[in-house]
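Participant: got a sequence here, can you build the structure:
(2 chains)
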Amino acid sequence: MSPGTGLVREIRSKNAGPFWVTIDVFCRDADAFEVVRTRLQTAEVARVLQADPQRLKRFDISDLHVIKFSLPRPHVQGARLDRDMHGASFAVLVQEVLEAAGRSG
Amino acid sequence: MAATDADRGLNAGARPGTAPTAHGQGADPQVRVLIPSGALGISIDPAALETGLAMAPDIIAIDGGSTDSGPFYLGTGTCKYARASIEREWAMLMRARARLGVPLLIGTAGTCGVDDMVDWMLEITAEIAAEDPAGVGAALKVATLKSSQSPATLAEQFSHGAISALEGAPDIEAADFAACSQAVALAGAEQIQAALETGADIIIAGRATDTAVIAALPLARGCHAGGAWHGAKIGECGALATDNPGSGAILIEFDAAGFTVQPTGAGVQATPHTVSAHMLYENADPFVLHEPGGHLDVTGARYTALDARRVRVEGSVWVATDAYTVKLEGARQAGFQTVSLVMVRDPHYVAHIKDWVEALEAAFRARETSNVAGDFELEFRLMGQDATLGALETQVMGIEGGTDGVHEVGVMAIITAGTQVQARDIARLLNPYLLHFPLTENEPMPTFAFAFSPPEMDRGALYEFQLNHVLRLADPMAAFVLETHEIGVSA
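Facilitator: This next block holds a predicted model:
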């Protein structure tokens, strides 16, 4: 998805197999990466995703200017209570965290 | 005309990597793998394919599926794509193979890669061969590699400790393995290499890792192991690792030190960023990729632009494990579903949509549960409110948050029951409520919008993924069946 912010080129989320979902935040450049990595607090991302912070994996990849989160899916892909077969909508929540952090300075 | 075994240096029984190759051997191996598309059935760009063929690949390899479209395809053992798409694109690749005299390989045939889908692809292959022997080769040797597992056998293996859970796996017991309608093991490079060693013109593999179908030949011919697996990961989705993901084809050239990525679509570029970023795609860990027999570590990988289109990668590491394991996938039936969808446009009801659904559900359960035979699940999803994210939704609408920008809501009722008849009957019991249920007792009876008659839509069986486990094997071939077939040979 296009986040509509100058800091980020793309935020995407996708299944990493049926049991995990992974969210990639592609920053525009090294400077933006440093800003975004500070604004995206892991605890806040875990809160909006309703994820166990102990099982939310975070990777700050400076070479690529990417921040990546991986977590077990709230519901296994395609199970009765799953709502998003490809896990594509989790990216929206991370974008909202980033935007809220930007507004609060 | 079909290539002979000697043309390819893949005589049956020959050890991988010892036979002569077109692009180097021994201490200076070089293998070119053409990946014509991210998956068979989603389209192949003829021009990009043609450009790739002109680069003299040693093999044409393509993926045929994954779990990405959900558990239905494994549960039912069926293909996601139209047979017509598969036939058209497979015929293109069979003709390309015949022109070059190189092997054509597909992994995870028919989306899910069960044995029936391997047979289905073999049937399609034979039909194409019969229709166009001049184009695809009059006499073809086809190897099939089957990956299906007996759920009952898996239950025994689990009980004996040969199966272990991966992180995030559901907490299941032996009986849960037996309950799977279909189960497969993911073949790795070893099983694909065994298929290549038959000297087959065409290899149709059942469930396999996306990477194994690309890495198998480079590994067999002695290319850098870390480079082989890393390059395979980069190429697994075709041109997704380029600046134009929709352009389809990509060629990976493997050698003793690493690999080089080159897209074949007109004007398409691979850059260090597009290539390195693809390691993130559908991968929980951006640096590690687990495969049968070990894992790939790209922490030390170096990405260098050779020019505007090509990227060179070195420094990836393959870490072999002592135990050889293959990943398992299984799906089980979890009831039958019927769906009813009603559209609410009345502003009064849109403004109070959550209250309306809660009252409707309460009234339905109070009045109708005794009329339902057997257990059932009833779930409402409000499209225009929180149907996508459910409890994770952050935007509050309806009576609490106002209705700015919301003028209609789709109310989807999902009924899950033990049989289709039960699910449909419950949906029919629910229908009068969806059609006329008033928000309060003292208001005119409303009527809401259904798009169809009948309004209920039977979804058939619901399937759920069951397994996130690995099976330990003493012999990599122990869980797989390799056969060869002669097609188009006149009696």
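
Participant: ok and the residue in the stretch 151-300 of chain B nearest chain A?
Facilitator: Proximity to chain A, evaluated over the stretch 151-300 of chain B using C-beta to the nearest C-beta, is greatest for B:A284 at 3.9 Å. No exception for glycine: its C-beta is placed from N, CA and C like everyone else's.

Participant: these two touch, right, that residue and A:P72?
Facilitator: No. Using C-beta atoms under 8 Å, B:A284 is not in contact with A:P72, being 9.3 Å away.

Participant: can you pull the residues that touch both of the two?
Facilitator: Taking C-beta atoms under 8 Å, 6 or more residues apart in numbering or on different chains as the contact rule, the neighbours common to B:A284 and A:P72 are A:W20.

Participant: and the two? which has more neighbours close in?
Facilitator: B:A284 (24 against 20; other C-beta atoms under 10 Å in any protein chain shown).

Participant: quick one: pLDDT of the more buried one?
Facilitator: pLDDT, B:A284: 92.

Participant: tell me the contacts of it?
Facilitator: By C-beta under 8 Å, 6+ apart, B:A284 lies in contact with A:A16, A:G17, A:W20, A:T22, A:K57, A:S70.

Participant: ok, back up a step: any idea how far A:S70 is from the residue of the stretch 151-300 of chain B closest to chain A?
Facilitator: Remark: distance between B:A284 and A:S70 (C-beta to C-beta, to the nearest Å) = 4 Å.

Participant: anything in contact with each of the two?
Facilitator: Contacts common to B:A284 and A:S70, judged by C-beta under 8 Å, 6+ apart, are A:A16, A:W20, A:T22, A:K57.

Participant: please report phi then psi for the first one.
Facilitator: When quoted as degrees, to the nearest 10, the phi and psi of A:A16 stand at phi -120, psi 70.

Participant: so what's the residue count around B:A84?
Facilitator: Neighbour number of B:A84 under other C-beta under 10 Å is 9.

Participant: and for B:A266?
Facilitator: Residues contacting B:A266 under the criterion other C-beta under 10 Å number 11.

Participant: kindly report the same for B:M457.
Facilitator: By other C-beta under 10 Å, 14 other residues sit near B:M457.

Participant: please name the residues that touch the residue of the stretch 351-491 of chain B at minimum distance from chain A.
Facilitator: At 4.3 Å from chain A, B:F465 is the closest residue in the stretch 351-491 of chain B, using C-beta to the nearest C-beta. Residues near B:F465 by C-beta under 8 Å, 6+ apart: A:P18, A:F19, A:V76, A:Q77, A:G78, A:A79, B:T67, B:P71, B:L74, B:E329, B:G330, B:A331.

Participant: which stretch of helix or strand covers the fourth one?
Facilitator: The reference is to A:Q77. Under DSSP states H and E, no helix or strand contains A:Q77.

Participant: quick revisit: dihedrals phi and psi, the residue of the stretch 351-491 of chain B closest to chain A?
Facilitator: phi -70, psi 140.

Participant: looking at the shared contacts of B:A284 and A:S70, which are in strands?
Facilitator: Applying DSSP state E to these, the entries found in strands are A:W20, A:T22, A:K57.

Participant: isn't the first one up against A:P74?
Facilitator: Spelled out, it's A:W20. No. A:W20 lies out of contact with A:P74 (C-beta under 8 Å); the separation is 11.1 Å.

Participant: quick one: list the elements packing against the lengthiest helix in chain A.
Facilitator: Counting by DSSP state H, the longest helix found in chain A is helix A:90-103. Applying 3 or more C-beta pairs under 8 Å, 6 or more residues apart in numbering or on different chains; DSSP states H and E, we find helix A:90-103 packed against strand A:8-15, strand A:20-27, helix A:30-39, helix A:42-49.

Participant: need these in TSV with distance to chain B, can you?
Facilitator: Below are the helices and strands packed on helix A:90-103 laid out as TSV (distance: least, C-beta to the nearest C-beta, whole Å):
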stretch	distance to chain B
strand A:8-15	5
strand A:20-27	5
helix A:30-39	13
helix A:42-49	7
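
Participant: in JSON lines, list the ones you listed along with mean pLDDT and mean neighbour count.
Facilitator: Output for these, formatted as JSON lines (pLDDT from 0 to 100; neighbours: other C-beta atoms under 10 Å in any protein chain shown):
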{"stretch": "strand A:8-15", "mean pLDDT": "95", "mean neighbour count": "20"}
{"stretch": "strand A:20-27", "mean pLDDT": "96", "mean neighbour count": "25"}
{"stretch": "helix A:30-39", "mean pLDDT": "96", "mean neighbour count": "16"}
{"stretch": "helix A:42-49", "mean pLDDT": "97", "mean neighbour count": "16"}
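
Participant: find the nearest non-adjacent residue to the residue of the stretch 351-491 of chain B closest to chain A, please.
Facilitator: Spatially, and ignoring its direct neighbours in sequence, B:F465 is nearest to A:P18 (4.3 Å; C-beta to C-beta, 6 or more residues apart in numbering or on different chains).

Participant: try B:G384
Facilitator: Leaving aside its sequence neighbours, B:G384 sits nearest to B:V409 (C-beta to C-beta, 6+ apart; 4.3 Å).

Participant: what's the burial count for the one you found?
Facilitator: So B:V409, with other C-beta under 10 Å, has 25 neighbours.

Participant: and A:R58, by the same measure?
Facilitator: 16.

Participant: for A:L40, see how far away it is.
Facilitator: 9 Å.

Participant: kindly report the same for B:I59.
Facilitator: Note on B:I59: its distance to A:L40, by C-beta to C-beta, is 42 Å.

Participant: for the nearest residue to B:T242 once chain neighbours are set aside, what are its contacts?
Facilitator: Leaving aside its chain neighbours, B:T242 sits nearest to B:P263 (4.4 Å; criterion: C-beta to C-beta, 6+ apart). Applying C-beta under 8 Å, 6+ apart, we find B:P263 in contact with B:A48, B:A239, B:T242, B:N244, B:S247, B:A249, B:I250, B:L251, B:Q269, B:A270, B:R309.

Participant: now do A:E44
Facilitator: Each residue near A:E44 by C-beta under 8 Å, 6+ apart is listed here: A:V97, A:A101.

Participant: looking at chain B, which helix or strand does the model trust least?
Facilitator: helix B:5-8 (a mean of 34; mean pLDDT, DSSP states H and E).

Participant: what strand or helix carries B:I124?
Facilitator: Here B:I124 is assigned to helix B:115-131, by DSSP H and E.

Participant: show me what that helix is packed against.
Facilitator: strand B:59-65, helix B:83-100, strand B:104-111, strand B:140-146, strand B:202-205, strand B:481-487.

Participant: which one of these lies closest to B:H436?
Facilitator: Each of the helices and strands packed on helix B:115-131 has some distance to B:H436 by C-beta to C-beta; the shortest is strand B:104-111, at 42.2 Å.

Participant: I'd like the average pLDDT over that closest one.
Facilitator: 98.

Participant: and the two most separated of the contacts of B:P263?
Facilitator: It's B:N244 and B:L251 that sit farthest apart of those, by C-beta to C-beta, at 14.8 Å.

Participant: ok now stretch A:71-85, how far from the chain's centre?
Facilitator: Stretch A:71-85 has its C-alpha centroid displaced from the chain centroid by 17 Å (C-alpha atoms, centre = their mean, to the nearest Å).

Participant: that stretch near chain B anywhere?
Facilitator: Yes. Stretch A:71-85 lies within reach of chain B by C-beta under 8 Å from any C-beta of the partner chain, at A:P72, A:P74, A:V76, A:Q77, A:G78, A:A79, A:R80, A:L81, A:R83, A:D84, A:M85.

Participant: just the residues you listed now: which is nearest B:L429?
Facilitator: Taking those together and measuring to B:L429 by C-beta to C-beta, the closest member is A:R80, at 19.8 Å.

Participant: that closest one reaches B:A461, doesn't it?
Facilitator: No. Contact criterion C-beta under 8 Å: A:R80 and B:A461 do not qualify, at 11.8 Å.
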